[in-house]
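Asker: This is the structure alone, sequence omitted:
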């Protein structure tokens, strides 16, 4: 069974930030700068967590993984935005 997760991160170092972005991109859909939506099995979730733990500095960085429940029978995804309109975010991550 697949579960939908929101993965969001705050990474202090630019190099680690790029690596976290690339890792998350392999597991889900990029919604916003540091936000991904991922439909994962338990094995895929464990793999994602393992890969991210290998990248981050646990004293400086934070990753939140929020379960939204089972992916099946969820119905259509509805994203409501305030301010700028939501648009599918396919742009790469740029760090200055």
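Answerer: Arrived safely, thanks for sending. In this text, all values refer to a predicted model and were calculated from it rather than measured experimentally.
Asker: Only C-alpha atoms from now on, for both contacts and neighbour counts.
Answerer: Fine.
Asker: Which residues does the nearest residue to residue 70 once chain neighbours are set aside form beta bridges with?
Answerer: Leaving aside its chain neighbours, residue 70 sits nearest to residue 3 (4.2 Å; criterion: Cα to Cα, 6 or more residues apart in numbering). Beta bridges link residue 3 to residue 40, residue 70, judged by DSSP bridges.
Asker: Count residues in the vicinity of residue 3, would you?
Answerer: For residue 3, the neighbour count with other Cα atoms under 10 Å is 16.
Asker: who are the neighbours in contact with it?
Answerer: 39, 40, 41, 67, 68, 69, 70, 71, 72 (Cα atoms under 8 Å, 6 or more residues apart in numbering).
Asker: can those residues go into CSV with extra columns for neighbour count and distance to residue 22?
Answerer: Output for these, formatted as CSV (neighbours: other Cα atoms under 10 Å; distance: Cα to Cα, whole Å):
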residue, neighbour count, distance to residue 22
39, 21, 17
40, 20, 17
41, 15, 19
67, 14, 21
68, 14, 22
69, 12, 24
70, 15, 25
71, 16, 23
72, 11, 26
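Asker: Just the closest of those residues to residue 55, please.
Answerer: Among the contacts of residue 3, residue 40 lies closest to residue 55 (Cα to Cα), at 19.9 Å.
Asker: ok, the closest one touching residue 5?
Answerer: Yes: counting by Cα atoms under 8 Å, residue 5 is a contact partner of residue 40 at 7.5 Å.
Asker: Name the helix or strand for the residue lying closest to residue 9 once chain neighbours are set aside, please.
Answerer: Leaving aside its chain neighbours, residue 9 sits nearest to residue 63 (4.2 Å; criterion: Cα to Cα, 6+ apart). Assessed by DSSP states H and E, residue 63 sits inside strand 62-70.
Asker: Okay, and residue 18 sits in which element?
Answerer: Residue 18 belongs to helix 14-25, assigned by DSSP H and E.
Asker: If you could redo that for residue 49, that was the one I meant.
Answerer: With DSSP H and E as the criterion, residue 49 is inside helix 42-55.
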